[in-house]
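S.K.: Pasted the sequence and its predicted model underneath.
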2 protein chains.
Amino acid sequence: MEEVRLIEVKENILADNDKVAADLKKRLKKEKTFLLNLMSSPGSGKTTLILKTIKLLGKELRAGVIEADIDSMVDAGLLTAHGIKAVQLRTGGFCHVDATMTTRGLDALENSRDLDIVVLENVGNLVCPAEFDTGAIKNVMMLSVPEGDDKPLKYPLMFAECDVLLVSKTDYLQYADFNRELMRERVLKLNSRIQIFEVSAKTGAGMDAWLQWLKREYEKFIR
Amino acid sequence: MEEVRLIEVKENILADNDKVAADLKKRLKKEKTFLLNLMSSPGSGKTTLILKTIKLLGKELRAGVIEADIDSMVDAGLLTAHGIKAVQLRTGGFCHVDATMTTRGLDALENSRDLDIVVLENVGNLVCPAEFDTGAIKNVMMLSVPEGDDKPLKYPLMFAECDVLLVSKTDYLQYADFNRELMRERVLKLNSRIQIFEVSAKTGAGMDAWLQWLKREYEKFIR
């Protein structure tokens, strides 16, 4: 088993984050690397979704992952054990990932310019990550069914900022008190252009539509 | 139905939070008001747990609630509809509650000195709230079963800072891949003095032990 690379990162308090993010976007365009920033509450299933997505992509697109956590290397360890190229950023208490940390993560991914897609798994937090441009090409959030349909009311910025909402753990729909129509209505009120996909990484349900979106957006990006 | 009081709060960037928290603790001691700070990820079931707890306390202890959210008044609205005294703090994007906001919340609770227990429902966030003393007498966190047993590894500070861990939504244990022993081991490694209770506010399972703890600590506090 390949060893996991761990990178300790610190917030760049000097540089202008928007400037660093803009530079990273230019680099990604030049290198044709489609960077996705994936955000959600802790435990919404980000790592499982990433694992399933990359497995389903197969050899079609070469993918890598930048894992960010306050502590631990379990996520990058899991992905690496599945043969997926991954590095772990340890934020040391920090509640979000900024563009400087993202750039360091990309640098740490060996031969990153050969990758078609890189997923940045942000710190599990429905609040702070929404405020910082990581330099990613697209922002995707997850809301797991057990968290409840009222989350758009309470954490509006995250829903307003994202290009895609993945409603995850739909296999819990039969046990949970979750009103899909009400959730959808609340989300679209905050962000009428957001794409919503309902998925279960466990059963595979709904993964097709999400993968189609991903491939379509990648094609648009490299054109 | 009683109208819900909404208080817009801002971080106190001038005063020393620890000083404000210490002052609040003195006031609570004097007024014999046992303030609990309840923290967790979004959607772990904080409001449902509070509702169930206060209903079970019945007339034994007089309780009030300070709800904090980035936006919306749904939580205080729900509690008020159940006849529970509650105010809503709107942090306007802010990711945690500090001692100044808590003091404002307490001031807004009518006749707060007549209350035995006040619960502060912090912003749903497993990261930032752990760093700020709210002035509460005890800190309680929740981890819901669907979030997974690996959370102590990724968000260690929250587990290290709390007096009690409520493992919530245990009615999901039969569907979720959640190793209780492993979770417990990970938590106790971070904080050997933490009290762990497994509860389901939905079915009522495990609520007794949690209520016993609450009453016992209240008695100790007012002695």
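M.R.: Right, received. Where do you want to start?
S.K.: Now do the SS call for the residue positioned nearest the centre of chain A.
M.R.: For chain A, the residue nearest the mean C-alpha position is A:Leu38 (1.4 Å; Cα atoms, centre = their mean). Under DSSP: H, G, I helix; E, B strand; the rest coil, the three-state class of A:Leu38 is strand.
S.K.: Kindly state the pLDDT recorded for it?
M.R.: Looking at A:Leu38, its pLDDT is 98.
S.K.: residues in contact with it?
M.R.: Under the criterion of Cβ atoms under 8 Å, 6 or more residues apart in numbering or on different chains, the contact list for A:Leu38 reads A:46, A:49-50, A:119-122, A:140-142. Every C-beta, even on glycine, is put in place using the N, C-alpha and C of the backbone.
S.K.: Give the pairing partners of the helix or strand bottoming out on mean pLDDT in chain A; include direction for each.
M.R.: When each helix and strand of chain A is scored by mean pLDDT, DSSP states H and E, strand A:5-8 comes last, with a mean of 79. In the sheet, strand A:5-8 lines up against strand A:85-90 (parallel) (DSSP bridges).
S.K.: And the strand it pairs with, what's buried?
M.R.: By 16 or more other Cβ atoms under 10 Å in any protein chain shown, the buried positions in strand A:85-90 come out as A:85-90.
S.K.: How about stretch A:3-21?
M.R.: Buried, per 16+ other Cβ under 10 Å, within stretch A:3-21: A:4-5, A:7, A:9, A:11, A:17, A:20-21.
S.K.: Go through those residues and say which is closest to A:Ile70.
M.R.: Of all the buried residues of stretch A:3-21, A:Val9 has the smallest distance to A:Ile70: 10.9 Å, by Cβ to Cβ.
S.K.: what about the closest residue to that closest one other than its chain neighbours, neighbour count?
M.R.: Closest residue to A:Val9 apart from its sequence neighbours, by Cβ to Cβ, 6 or more residues apart in numbering or on different chains: A:Met101 at 4.2 Å. Neighbour count of A:Met101, defined by other Cβ atoms under 10 Å in any protein chain shown: 27.
S.K.: Check the one 3 residues further on too.
M.R.: Other residues near A:Arg104 come to 18 when the count uses other Cβ under 10 Å.
S.K.: so it makes contact with A:Glu8?
M.R.: No: the criterion here is Cβ atoms under 8 Å, and A:Arg104 misses it with A:Glu8 at 9.5 Å.
S.K.: any idea where the strands of chain A begin and end?
M.R.: A:5-8, A:34-39, A:63-69, A:85-90, A:117-121, A:138-144, A:164-168, A:195-198 (DSSP state E).
S.K.: Any residues of chain A in contact with chain B? List them.
M.R.: A:41-43, A:69-72, A:74, A:93, A:95, A:123-128, A:131, A:144, A:146-148, A:150-151, A:153-157, A:169, A:171-172, A:175 (Cβ under 8 Å from any Cβ of the partner chain).
S.K.: Can you flag the buried ones in those residues?
M.R.: Buried, going by 16+ other Cβ under 10 Å: A:41-43, A:69-72, A:74, A:95, A:123-128, A:144, A:146-148, A:150-151, A:153-157, A:169, A:171-172, A:175, out of the residues of chain A next to chain B.
S.K.: Sitting in helices, which of the residues you listed do you find?
M.R.: Among these, the ones falling in helices (DSSP state H) are A:74, A:151, A:153-154, A:156-157.
S.K.: thinking again about what came up before, quick check: bridge partners of the residue nearest to the centre of chain A?
M.R.: A:Glu121, A:Val140.
S.K.: Would you mind measuring from it to A:Thr47?
M.R.: 9 Å (Cβ to Cβ, to the nearest Å).
S.K.: How about A:Asn191?
M.R.: Relative to A:Thr47, and taking Cβ to Cβ, A:Asn191 is found at 25 Å.
S.K.: And these two? Which one has more around it.
M.R.: A:Thr47 (24 against 18).
S.K.: Using JSON lines, lay out the strands of chain A together with distance to B:Lys32.
M.R.: Below are those laid out as JSON lines (distance: least, Cβ to Cβ, whole Å):
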{"stretch": "strand A:5-8", "distance to B:Lys32": "46"}
{"stretch": "strand A:34-39", "distance to B:Lys32": "43"}
{"stretch": "strand A:63-69", "distance to B:Lys32": "41"}
{"stretch": "strand A:85-90", "distance to B:Lys32": "44"}
{"stretch": "strand A:117-121", "distance to B:Lys32": "46"}
{"stretch": "strand A:138-144", "distance to B:Lys32": "40"}
{"stretch": "strand A:164-168", "distance to B:Lys32": "45"}
{"stretch": "strand A:195-198", "distance to B:Lys32": "49"}
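S.K.: In contact with the spatially closest residue to A:Gly105 that is not a sequence neighbour, which residues?
M.R.: In space, and not counting its chain neighbours, A:Gly105 is closest to A:Ile66: 3.6 Å by Cβ to Cβ, 6+ apart. Counting by Cβ under 8 Å, 6+ apart, A:Ile66 touches A:86-87, A:89, A:102, A:105-106, A:108-109, A:118-121.
S.K.: Most neighbours out of those residues, which is it?
M.R.: That'd be A:Ala86 among those, by other Cβ under 10 Å, with 32 neighbours.
S.K.: check contacts around that residue.
M.R.: A:4, A:64-67, A:75-76, A:79-80, A:109.
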